[in-house]
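Participant: What follows is a predicted structure for the sequence shown.
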2 protein chains.
Amino acid sequence: MPAPQKPRLDALTVEVVELIGDVVARFYEDYEEAAGEHALTGAQARLLSLLSLEPLPMRKLARKLKCEPSNVTGIVDRLESRGLVERRPDPADRRVKLAAATDEGLRVARELREGLRFARAPLAGLSDEERLSLRDLLQRMLNA
Amino acid sequence: MPAPQKPRLDALTVEVVELIGDVVARFYEDYEEAAGEHALTGAQARLLSLLSLEPLPMRKLARKLKCEPSNVTGIVDRLESRGLVERRPDPADRRVKLAAATDEGLRVARELREGLRFARAPLAGLSDEERLSLRDLLQRMLNA
DNA sequence: CACAAATGCTTCAGTAACTGAAACAACCAT
DNA sequence: ATGGTTGTTTCAGTTACTGAAGCATTTGTG
C-alpha cells in the first residue's frame, strides 16, 4: 500500500463539502416550497423579502439579486400586477424608481418567512451550546 | 424591562439561520460561477454532475432534480448537442433512455468539481477537529 | 452656463428552465 | 388479447435571465 499522495482534498473535507451541498439543497427546496405556497416563484420571493426590509431602487435590487437591471423590471412588474409591490418616484432623483412592498406584500413576506420549515425544525435538535459552536464555525467559513 | 415573551425564534437561532442563508448564497454563487466558466448553466452543471457518477434514465434524473421529465428532455438535448452527454437505450426496457456522460462530459464534470472555490478555501481555515465538529452538527441538522 | 459623459430604468430580441397536457411506444397484469 | 401503467418526447405557455438599444435625468468639466 503506497503512502497517500497528499490529495487536493482530504476525505473529511469532501464529506463536509457534501454536507454543505445537502444543506444548500434542503434550504433551497424549502424556500421554493414556501414561495410556491404563496404562488410566488423563487425569484419573486427573494425580491419581495428584500423589499420587506426597505424600499429599494431597481438598480440596487439588481445588484443584490446579482442579475441585470432589465431582469428586475420584469420581476417587479409581475409582483406589481399582483399588488404586492409598487413603484414610487425617488424624491431625490427623478431617474430612480423605488420599489416598495405594499401592505399586502409585507403580509405575504412575513408569512413566507414563517413558512420556512427548515429554518426552524432542524435547528431544534441542537442545544444552545451546539448552536453557538455552529454559528462560530459558519462565521469563520464565511469570513475566510 | 419586561420578561422576554418566549419568542418563536430566539436571537441565536435567527443568527444561525441567517448564516446558513449566507452559506447557501455563497455556495450557489460559486457553483453558478464554476458552471459559467465551462459555459454551462446551473441546471446543466447539476445534471452533468449526476451523470458523472452513473448513467441514469430520464425519469430518475427528473426525480433527482425535482422537476418534470419534460424539462429534463431539454437540458439533456442541449448537453447532448455539445457532446457532453449521450442517450443510450436501456437493454432491459426499450421505453427507457439512459442519459450518460461522454468522456468529454466526465472531464468537464471533474473540472467543475475542482473549480468550486468555496468548497476549498474557507474550509481551509478550519482545523481537522473543527471540521469534525462541523460535520457532526450538519449531519444532525439534516437528520432532524 | 453648456454640454458631454455617466447613470437609472425600460423595451426588445433571444435563450434557458420550467410546467402541464397530449401523444406514442413499450411494458405488464389479468 | 386488451387495458392500464410507465417512460419519453412534443407542444404551448410562463418566468428568469442576458445584452443591446433607447430615453430621461443627473453630474462633471471646461
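Facilitator: Arrived safely.
Participant: quick one: the residue positioned nearest the centre of chain A and B:Ala25, what's the gap?
Facilitator: For chain A, the residue sitting closest to the mean C-alpha position, by CA atoms, centre = their mean, is A:Arg46 at 5.7 Å. Distance, A:Arg46 to B:Ala25, by CB to CB, to the nearest Å: 10 Å. For every residue, glycine as well, the C-beta is placed using N, CA and C.
Participant: list residues touching both of those two?
Facilitator: Residues touching both A:Arg46 and B:Ala25 (CB atoms under 8 Å, 6 or more residues apart in numbering or on different chains): there are none.
Participant: How confident was the prediction at the residue nearest to the centre of chain A?
Facilitator: The confidence metric pLDDT takes the value 97 at A:Arg46.
Participant: so what's it up against?
Facilitator: A:Arg46 makes contact with A:Leu65, according to CB under 8 Å, 6+ apart.
Participant: and it, which of the three is it?
Facilitator: Of the three states, A:Arg46 takes helix under DSSP: H, G, I helix; E, B strand; the rest coil.
Participant: who touches the helix or strand encompassing A:Glu130?
Facilitator: A:Glu130 belongs to helix A:128-143 when assigned by DSSP states H and E. For helix A:128-143, contacts defined as CB under 8 Å, 6+ apart pick out A:123, A:126, B:12-13, B:15-16, B:19-20, B:22-23, B:26, B:122-123, B:125-126, B:130, B:133-134, B:137, B:140-141.
Participant: Report the separation between A:Val76 and A:Pro57.
Facilitator: Taken as CB to CB, the span from A:Val76 to A:Pro57 is 11 Å.
Participant: These two: which has the busier surroundings?
Facilitator: A direct count of neighbours by other CB atoms under 10 Å in any protein chain shown for A:Val76 and A:Pro57 places A:Val76 higher, at 22 against 17.
Participant: How about the more buried one, nearest residue that isn't a chain neighbour?
Facilitator: A:Ala99 (5.1 Å; CB to CB, 6 or more residues apart in numbering or on different chains).
Participant: got the residues of chain A near DNA strand D?
Facilitator: Applying CB under 7 Å from any atom of the strand, we find that chain A lies next to DNA strand D at A:41-44, A:65-68, A:70-71, A:74-75, A:78, A:93-95.
Participant: make it 10 Å
Facilitator: A:35, A:39-47, A:62, A:65-79, A:81-82, A:89-96 (CB under 10 Å from any atom of the strand).
Participant: Quick check on those residues: which are buried?
Facilitator: Among these, those buried by neighbour count (16 or more other CB atoms under 10 Å in any protein chain shown) are A:35, A:40, A:43-47, A:62, A:65, A:72, A:75-76, A:78-79.
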